[in-house]
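Colleague: For reference, the sequence and a predicted model appear below.
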Amino acid sequence: MRRKDRSIPHAEAIELLQKAEVGYLSLAVDNTPYVVPLNFVVMDNNIYFHAATTGRKLDMLDQNPKCCFLVSSLDGIKAGTDACDFGAFFKSAIVEGTARRVTDVNEMITSLNKLTEKHNPAGHSFREVTPEQAKSVAVIAISIDSICGKARKQ
């Protein structure tokens, strides 16, 4: 039996992406997959995150900048009398995109400050990123080529 279409509108998928705390970056090089969880922020049709200046993630992105990015939420479990009656209430959004290393210092500073702002506990003040601090990390932008979402709502 075919499952119901669980697609959600584009705007709802974007909203889920913007609100999510953690996303999962999926990469592949030479038929080897790799997935890593990230804190991120969405700005101007890009997903921004930072990383160490060297490492597996950057090596793979340098070899293949095409990637997927997933966010999801588990919103509850539907119970039943039989195992097959159980199910999950969820929302998810999957982005297909192309990653690039950000080299413009102003773009780096803006994205790092927005990332801090997104994950900042309410009312906590912080000093904004300086150019020197921005240059001490790698900042990656994933251009959102497409996004689709699914949900099973309560």
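Modeller: All right, it came through fine.
Colleague: With adjacent residues omitted, what lies nearest to residue 92?
Modeller: Spatial nearest neighbour of residue 92, chain neighbours left out: residue 72 (3.9 Å); criterion: Cβ to Cβ, 6 or more residues apart in numbering. For glycine as for every other residue, the C-beta is placed from the backbone atoms N, C-alpha and C.
Colleague: what's the pLDDT at the one you found?
Modeller: As predicted, residue 72 sits at a pLDDT of 94.
Colleague: Listing partners with orientation, what would you give for the host helix or strand of it?
Modeller: Taking DSSP states H and E as the criterion, residue 72 maps to strand 66-78. With DSSP bridges as the test, strand 66-78 is paired with strand 23-29 (antiparallel), strand 87-101 (antiparallel).
Colleague: coming back round to it: number of nearby residues for the residue nearest to residue 92?
Modeller: By the measure other Cβ atoms under 10 Å, the count of residues near residue 72 is 18.
Colleague: related to what we said a few turns ago, out of the strands paired with strand 66-78, flag the one nearest residue 50.
Modeller: Proximity to residue 50 (Cβ to Cβ) singles out strand 87-101 among those, at 10.9 Å.
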